[in-house]
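Peer 1: pasting a predicted model and its sequence here:
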Amino acid sequence: MKKTLIAAFAAFLLVGCKGNAPVEEATKSGLLKKNFQTEHQGKQTDLYVLTNASGMEVCITNYGGRIASILVPDKDGKMRDVSVGFESIKDHISVAGNNYGALIGRYGNRIGNGTFEIDGVKYDLPKNNYGHTLHGGDNGFHTVVWDAKQVDNSTLELTYLSKDGEEGFPGNLTCKVVYHLGADNDLHIKYEAETDKPTVVNLTNHCYFNMDGDVAVKNSDWVLYLNADQYTPVDSTFMTTGEILTVEGTDMDFRTPTVIGKRIDNFEFDQLKNGKGYDHNWVLNTKGDITKVAATLESPASGIAMDVFTTEPGVQFYAGNFMDGKDTGKKGVPNGHRGAVCLETQKYPDTPNKKDWPSTELRPGEKYTTETIYKFYVKK
Ligand code: BGC
């Protein structure tokens with residue numbers, strides 16, 4: 001009885017009444033749950049809302065495990081949505097090649113020539129990016145419907161079974177990702193996976209952060225700190241060359257917080273030319289220590305800052321160089337060139353073909369576990 005009353009009260013809070021037709025109230029970030037409800041791949045999609053006592057809100061859809069909005073206070077206490085994406089599941093599904101806010105797997109970043117070997121067995125993957133495999137293929141984890149369980153107001157558990165052979169990868173991979181919004185405006189993402197055959201795993205999140213909460217504002221004035229002495233350079237097909245180079249004396253040095261726009265267009269430097277701007281993996285000095293800051297991104301205009309903490313050895317800083325304004329994002333504003341920054345924590349690109357790098361292999365009986373925290377605050 002008590003439970004029924006609570007459920008009725010919760011429904012009353014969520015659904016206002018206009019005449020006879022119930023009208024759904026939007027989430028604080030302006031999204032409507034009903035715009036995220038559809039059937040896809042025989043499964044139901046929905047929008048899940050995480051909140052904390054400080055008033056922060058994160059909305060997530062189980063389609064691709066995508067973060068749909070992140071609402072945080074700016075320096076004047078005004079709430080801004082710092083996650084770029086769409087207002088409906090229709091756009092998330094239909095806009096070609098997009099991965100806004102998504103969970104990326106089975107292998108985040110690139111695998112060279114779409115091929116790798118384990119125990120002498122060669123596996124061929126779909127080549128979807130300049131002859132290589134990017135983000136687990138076009139039908140990677142960002143495009144699948146995860147099973148969702150909202151554990152409490154601030155925790156969402158997503159699970160997915162990636163079948164043996166899916167997008168060419170070996171082994172049935174059981175995955176669990178837990179999103180948890182902490183009291184300190186800290187968004188935790190915990191990844192777990194187990195396999196029944198040797199395979200490779202590199203899971204990450206592809207949130208496009210706009211630190212002004214306005215995708216019309218480009219990332220050039222935001223300040224970035226990367227706690228990294230080294231990075232992995234790429235060739236003209238965005239494929240890592242296998243080298244690990246120092247950032248010292250180059251435009252890749254973010255050990256002193258630097259505005260992104262200062263050097264991004266220096267195409268005299270082959271790395272910025274190859275990446276069309278920043279689109280590289282940095283080798284973190286934190287070496288898996290999640291208590292140390294790996295990266296900080298901040299907008300001096302809004303005052304919104306975000307620290308990144310991770311158990312992972314690398315982070316891909318992608319400056320939205322391929323964003324071109326062709327997709328219309330939230331509030332009808334085009335998701336324009338460099339209107340966001342992605343900080344994708346991960347193992348290094350093409351590790352399955354780079355035997356000396358921190359391994360991405362997962363074998364039966366082992367458990368893959370990683371964690372990343374995006375912590376928001378105001379810098380006055
Ligand atoms: C890649 C970019 C790619 C983007 C969108 C990033 O992780 O490095 O090259 O365009 O994701 O998929």
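Peer 2: Looks like it arrived, so ask away.
Peer 1: show me which residues of the stretch 1-150 of the chain sit near the ligand.
Peer 2: When proximity is defined as CB under 6 Å from any ligand atom, the stretch 1-150 of the chain approaches the ligand at 99, 135. Heads up, the C-betas are built off the backbone N, CA and C, glycines and all.
Peer 1: how far away is the nearest residue to residue 377 once chain neighbours are set aside from residue 260?
Peer 2: Nearest residue to residue 377 in three dimensions, chain neighbours excluded: residue 305, at 5.5 Å (CB to CB, 6 or more residues apart in numbering). Separation of residue 305 from residue 260 (CB to CB, to the nearest Å) stands at 14 Å.
Peer 1: neighbours of the residue nearest to residue 377, how many?
Peer 2: Neighbour count of residue 305, defined by other CB atoms under 10 Å: 21.
Peer 1: helices or strands up against the helix or strand hosting it?
Peer 2: Under the criterion DSSP states H and E, the helix or strand holding residue 305 is strand 304-310. Here strand 304-310 touches strand 295-298, strand 342-346, strand 368-378, going by 3 or more CB pairs under 8 Å, 6 or more residues apart in numbering; DSSP states H and E.
Peer 1: any stretches of the stretch 101-250 of the chain with poor pLDDT?
Peer 2: The stretch 101-250 of the chain contains no residues with pLDDT under 70.
Peer 1: okay, the residue nearest to residue 162 when sequence neighbours are not counted and the ligand: tell me how far apart.
Peer 2: Spatial nearest neighbour of residue 162, chain neighbours left out: residue 173 (4.3 Å); criterion: CB to CB, 6+ apart. Distance of residue 173 to the ligand, computed by CB to the nearest ligand atom, to the nearest Å: 20 Å.
Peer 1: give me the neighbour count for residue 146.
Peer 2: Neighbourhood size, residue 146 [other CB under 10 Å]: 25.
Peer 1: equivalent analysis for residue 38, please.
Peer 2: Here the number of neighbours of residue 38 (other CB under 10 Å) works out to 18.
Peer 1: mind listing what's buried along stretch 24-35?
Peer 2: Using 16 or more other CB atoms under 10 Å as the test for burial, stretch 24-35 gives 27-29, 31, 33, 35.
Peer 1: now stretch 177-194
Peer 2: Residues of stretch 177-194 classed as buried by neighbour count (16+ other CB under 10 Å): 177-181, 185-194.
Peer 1: next one: stretch 368-380
Peer 2: 368, 370-378.
Peer 1: the ligand: which of the residues you listed is nearest?
Peer 2: Nearest to the ligand among those, counting by CB to the nearest ligand atom, is residue 372 at 14.5 Å.
Peer 1: quick one: that closest one and residue 205, what's the gap?
Peer 2: Taking CB to CB as the measure, residue 372 falls 7 Å from residue 205.
Peer 1: equivalent analysis for residue 166, please.
Peer 2: Here residue 166 is placed at a distance of 20 Å from residue 205 (CB to CB).
Peer 1: compare these two and say which is more crowded by neighbours.
Peer 2: residue 205 (26 against 19).
Peer 1: assumed that one was part of a helix.
Peer 2: No. Under DSSP: H, G, I helix; E, B strand; the rest coil, residue 205 falls outside any helix and is assigned strand.
Peer 1: residue contacts, it?
Peer 2: 65, 67, 101-104, 189, 344-345, 372 (CB atoms under 8 Å, 6 or more residues apart in numbering).
Peer 1: again, but for residue 87
Peer 2: Going by CB under 8 Å, 6+ apart, residue 87 touches 30-32, 35, 329-331.
Peer 1: do the same with residue 290
Peer 2: Contacts of residue 290 (CB under 8 Å, 6+ apart): 309-311, 371, 373.
Peer 1: same thing with residue 164?
Peer 2: 170-172, 196-197.
Peer 1: can you pull out the helices in the protein?
Peer 2: Counting by DSSP state H, the chain has helices at residues 2-14, 89-94, 270-275.
Peer 1: the last one and the ligand, any residue contact?
Peer 2: No. Residues of helix 270-275 contacting the ligand under CB under 6 Å from any ligand atom: none, with a closest distance of 7.8 Å.
Peer 1: and that helix, how far from the chain's centre?
Peer 2: With CA atoms, centre = their mean, to the nearest Å as the basis, helix 270-275 stands 23 Å off its chain's centre.
Peer 1: can you pull the buried residues of that helix?
Peer 2: 271-272, 274-275.
Peer 1: how about CSV for the buried residues of stretch 368-380, with pLDDT and distance to the ligand added?
Peer 2: Below are these laid out as CSV (pLDDT from 0 to 100; distance: CB to the nearest ligand atom, whole Å):
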residue, pLDDT, distance to the ligand
368, 98, 20
370, 98, 17
371, 98, 19
372, 99, 14
373, 99, 19
374, 99, 16
375, 98, 21
376, 98, 22
377, 98, 25
378, 98, 28
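Peer 1: contacting residues around residue 83?
Peer 2: Per CB under 8 Å, 6+ apart, neighbours of residue 83: 67-70, 100-101, 207-210.
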